[in-house]
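Q: only geometry, no sequence info:
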């Protein structure tokens, strides 16, 4: 058993606080995503693809969306079946496929983003816009600083992010 004074109770730990913050951010947004017929993972994939300058390979999507590659494969298949994404052979390497967002996918992102941005503005009002910007910058700096401690297979820890 771990000595109680060594670790704080999980809800007060760094991981616990970060997960609680993530849940606080996502809980009001999930109903918007569900109304659009999207899961959190699907939303992350379409966002990544909508922000890209062109088609991306699955590993790039997985890395940017902070998902395991098998999850990206499943999500891409589901979204392709719905006409929100397309998949094609990579012109540079026919063994790989690249994924692109369709016009219907872009429209879904635009419509959903319009609604989620309202919630994000409310977060800024509730927490303070400058304070929220500083928190986001600090969270990015924390991720960067701690990346040196990650095992070489960082994808194994991405699913809950």
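A: Right, received. Where do you want to start? Every value quoted in this text rests on a predicted model; they were computed, and no experiment measured them.
Q: Just the residues contacting the strand ranked longest in the chain, thanks.
A: When every strand of the chain is counted residue by residue (DSSP state E), the longest turns out to be strand 93-101. Around strand 93-101, the neighbours that count as contacts under CB atoms under 8 Å, 6 or more residues apart in numbering are 46, 49-50, 52, 54-58, 61, 76, 84-90, 109. C-beta: built from backbone N, CA, C; applies to glycine.
Q: which residues in the chain form helices?
A: Secondary structure of the chain (DSSP state H): helices at 14-26, 30-35, 40-51, 58-65, 69-81, 103-127, 129-146.
Q: Quick one: distance of the first one to the chain centre.
A: Yep, that's helix 14-26 we're talking about. Taking CA atoms, centre = their mean, to the nearest Å, one finds helix 14-26 lying 14 Å from the centre of the chain it belongs to.
Q: tell me the angle it makes with helix 103-127.
A: 110 degrees (axes from the mean of the first three to the mean of the last three CA atoms, to 10 degrees).
Q: what about residue 44, neighbour count?
A: Using other CB atoms under 10 Å, residue 44 is surrounded by 21 other residues.
Q: On the pLDDT front, check it for me.
A: Reading off the per-residue confidence, residue 44 sits at a pLDDT of 97.
Q: Contacts only, for it.
A: Counting by CB under 8 Å, 6+ apart, residue 44 touches 65, 66, 67.
Q: Restricted to buried residues, select those residues in PyMOL.
A: Listed next is the PyMOL selection for buried residues among the contacts of residue 44, using 16 or more other CB atoms under 10 Å:
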select buried, resi 65+66+67
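Q: quick one: which of the contacts of residue 44 is nearest to residue 21?
A: Using CB to CB, the shortest approach to residue 21 within the contacts of residue 44 belongs to residue 66, at 15.3 Å.
Q: So what does that closest one have for phi and psi?
A: Dihedral pair for residue 66: phi 60, psi 50, per degrees, to the nearest 10.
Q: circling back to that earlier point, export the helices of the chain as JSON lines, with columns for distance to residue 96.
A: Supplementary listing: those in JSON lines, determined by distance: least, CB to CB, whole Å:
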{"stretch": "helix 14-26", "distance to residue 96": "32"}
{"stretch": "helix 30-35", "distance to residue 96": "29"}
{"stretch": "helix 40-51", "distance to residue 96": "16"}
{"stretch": "helix 58-65", "distance to residue 96": "8"}
{"stretch": "helix 69-81", "distance to residue 96": "12"}
{"stretch": "helix 103-127", "distance to residue 96": "21"}
{"stretch": "helix 129-146", "distance to residue 96": "28"}
